[in-house]
Structures are given as structure tokens and as C-alpha cells.
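Q: Sequence isn't available, so here's the structure alone:
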């Protein structure tokens, strides 16, 4: 399984998200994930949680129930292979509400 920390941004929002591609790297991971219904077919199946802890972890973008995490989660799934650790996923920019993506609060 591969992990990345990404910075999710939106209007007045900054979340450092722990993202895990739930595709197995070992036989044990394959058997365990397959047992719980993960497809294990090498297509991105991304589990996301807030790195601050105390929050839920979701692999279904629509389970979040809010715009920021739903849009960001879908974007992360669609662009997983292009994203690097520390990249900013700017929901306002993705939705065309701003002309330029926000810069990282971590790297600024």
C-alpha cells in the first residue's frame, strides 16, 4: 500500500490528509483487503483521513457528506498517480471558483 500526505484546501479550510492507496503490496495485504471487499485490481482505491486524528477514515468520496472532502477525494482518486506528497488539492480551484490554485501553507 502506498501513502501520501496531501494538503486539502478550500475557502477558509486547510486539512493535511493521510491518503492510502488500498492496493496490496504483499500476499497478506491482498488476502486481508480482499476479505473486506477491496477490489485489489490496481485501480486507485484511496482511503483518506485527517492526519490530526480523531476523525473518520473513508474510501468512498460520497461518505464525507461535505463538499470539500467529497470533491477533494474524487480528485485524489482521479489524479493519484500524478500527485506527489505535499501537493495542494484546492477544491475552489478544481470547481473553477478561483483562477489560481492556493499555495501550500506548509511550504510558504
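A: Everything's here; your move. Note that the coordinates shown come from a computational prediction; the quantities given were computed from them, not determined experimentally.

Q: could you pull out the helices for the protein?
A: Ranges of helices in the chain, per DSSP state H, are 27-35, 67-79, 91-94.

Q: okay if I get those as TSV plus distance to residue 52, mean neighbour count and mean pLDDT?
A: For glycine as for every other residue, the C-beta is placed from the backbone atoms N, C-alpha and C. Shown next, in TSV, are the helices of the chain (distance: least, Cβ to Cβ, whole Å; neighbours: other Cβ atoms under 10 Å; pLDDT from 0 to 100):
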stretch	distance to residue 52	mean neighbour count	mean pLDDT
helix 27-35	25	12	95
helix 67-79	14	19	98
helix 91-94	18	18	98
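
Q: looking at those helices, which is closest to residue 45?
A: Residue 45 sits nearest to helix 67-79 of all the helices of the chain, at 7.8 Å, using Cβ to Cβ.

Q: quick one: low-confidence ranges for this protein?
A: Within the chain, the segments meeting pLDDT under 70 span 108.

Q: Now do the residue in it sticking out farthest from the centre against residue 39, distance only.
A: In terms of distance from the mean C-alpha position of the chain, residue 27 ranks first, at 24.3 Å (Cα atoms, centre = their mean). Distance of residue 27 to residue 39, computed by Cβ to Cβ, to the nearest Å: 16 Å.

Q: and if you look at residue 24?
A: Remark: distance between residue 24 and residue 39 (Cβ to Cβ) = 11 Å.

Q: returning to what we had before: which one, of the helices of the chain, ends up nearest to residue 9?
A: Evaluated over the helices of the chain, closeness to residue 9 peaks at helix 91-94, with 6.8 Å, by Cβ to Cβ.

Q: just checking, what packs against the closest one?
A: strand 2-10, helix 67-79 (3 or more Cβ pairs under 8 Å, 6 or more residues apart in numbering; DSSP states H and E).

Q: sorry, back to before: residue 24 and residue 39: which has the busier surroundings?
A: Neighbour count, other Cβ atoms under 10 Å: between residue 24 and residue 39, residue 24 has more, with 17 against 11.

Q: In contact with the more buried one, which residues?
A: 1, 30, 32, 33, 34, 40 (Cβ atoms under 8 Å, 6 or more residues apart in numbering).

Q: Sounds good, over and out.
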